[in-house]
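Peer 1: Provided below for reference: sequence and predicted model.
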Amino acid sequence: MVGAAGRLILLLTAAPVLAQLGPELEIRIIYDNTSARAGVKEDWGFGALVTFRGRRVLFDTGTRPDLFLENVKKLDIDPGSVEQALISHTHPDHRGGVYRFFSLNPRVRVHFLDQFTSSAFEDARRAGMTPSRVTRPFELVPGVFSTGTVEGDPPEQALAIETRQGIVMLVGCSHPGVVRMVEAVQRQRKAGSIRLIAGGFHMFQQRVEEIAPQIARMKELKVERVIPAHCTGDVAKQMFREAYGTSFDTAGAGKIITLP
């Protein structure tokens, strides 16, 4: 028989092996304009959970707090497992759920851009939250970075994840322009390519002749795989599908993206 001490040694020895059995990176889309899974509801906005080497970061939290938390529950996400929450920009369709989420996990560290509206910080104060004011790139957990402020209308921050297969990006709305977001990440992380980008590309009000050069530039920047979501728009999604072929994928609330 193996005693308690022996069982502990076995568990500690096995832990690294068990960790390797799962994906290095998992992204669960919690909130999006479309649904990719029965029972997980769609709504205008974006939110996703990043699990990277066992560490969890929340990126954006949709529009409606009740729906956001309902989808969190349906996706079997334990709020207490989330260490950090990064909100891409000040618009309510990206920060709507963070205040109620904070009430379920008051230990989570929340990060707003310094340029967020006063109402965003006032909502945080009423929720008992004191978000950090982001002005420059920083590391949330090992290998997961904020771009800091990328100037636009409004300013925005993206998430960059340094996986073994290359950089994975999450963007909320890409108000500064999705190309500009990609260029910021490549400059900051000294990366010659982007393995994957997912999120809102903010092209839903753009014409074909405006979208085409952006897709061409993303190809030049060696963006390898795209998963457009939220505010990208149907026309742009179809154009990305045609340009990227099998390296294009759809998003939707309930979608789970993994890198082994």
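Peer 2: Here it is on my side, so go on.
Peer 1: In contact with residue 27, which residues are there?
Peer 2: 48, 49, 50, 51, 168, 170, 198, 256, 257, 258 (CB atoms under 8 Å, 6 or more residues apart in numbering). The C-beta positions use only the backbone N, C-alpha and C, and glycine is treated the same way.
Peer 1: top of the residues you listed by neighbour count?
Peer 2: residue 170 (28 neighbours; other CB atoms under 10 Å).
Peer 1: Please verify my assumption that that one contacts residue 50.
Peer 2: Yes: if you go by CB atoms under 8 Å, residue 170 and residue 50 touch, sitting 6.9 Å apart.
Peer 1: And the strands in the chain?
Peer 2: 25-31, 47-52, 55-61, 84-86, 109-113, 132-134, 138-141, 144-146, 159-163, 166-171, 196-200, 226-229, 256-259 (DSSP state E).
Peer 1: partners of the first one, with directions?
Peer 2: Which is strand 25-31. strand 47-52 (antiparallel), strand 256-259 (antiparallel) (DSSP bridges).
Peer 1: same deal with the fifth one?
Peer 2: When sheet partners are counted by DSSP bridges, strand 109-113 sits next to strand 84-86 (parallel), strand 132-134 (parallel).
Peer 1: what about residue 180, distance to residue 154?
Peer 2: 13 Å (CB to CB, to the nearest Å).
Peer 1: Tell me where the stretch 151-260 of the chain has helices.
Peer 2: 178-189, 208-220, 234-244 (DSSP state H, counting those that start in this stretch).
Peer 1: Quick one: find the helix or strand in the chain with the lowest mean pLDDT.
Peer 2: helix 4-21 (a mean of 41; mean pLDDT, DSSP states H and E).
Peer 1: shaky segments in the protein?
Peer 2: 1-21 (pLDDT under 70).
Peer 1: before we move on, back to that, which among the strands of the chain is found nearest to residue 243?
Peer 2: Closest of the strands of the chain to residue 243 is strand 226-229, at 8.5 Å (criterion: CB to CB).
Peer 1: Give me the contacts around that closest one.
Peer 2: 29, 32-33, 46, 196-201, 218, 236-237, 240, 244, 247-252, 255, 257.
Peer 1: repeat for stretch 29-45
Peer 2: Counting by CB under 8 Å, 6+ apart, 46-49, 60-64, 67-68, 70-72, 74-75, 77, 93-94, 96-97, 198, 229-231, 250-257 sit against stretch 29-45.
Peer 1: Mind giving me the ChimeraX select for these, buried ones only?
Peer 2: Remark: buried members of the contacts of stretch 29-45, expressed as a ChimeraX selection using 16 or more other CB atoms under 10 Å:
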select :46,47,48,49,60,61,62,63,64,67,68,70,71,72,74,75,77,93,94,96,97,198,229,230,231,251,252,253,254,255,257
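Peer 1: about what we covered before: dump the strands of the chain into a markdown table; add distance to residue 40 as well.
Peer 2: Formatted as a markdown table, the strands of the chain follow (distance: least, CB to CB, whole Å):
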| stretch | distance to residue 40 |
| --- | --- |
| strand 25-31 | 8 |
| strand 47-52 | 12 |
| strand 55-61 | 15 |
| strand 84-86 | 20 |
| strand 109-113 | 24 |
| strand 132-134 | 29 |
| strand 138-141 | 25 |
| strand 144-146 | 24 |
| strand 159-163 | 21 |
| strand 166-171 | 18 |
| strand 196-200 | 16 |
| strand 226-229 | 14 |
| strand 256-259 | 11 |
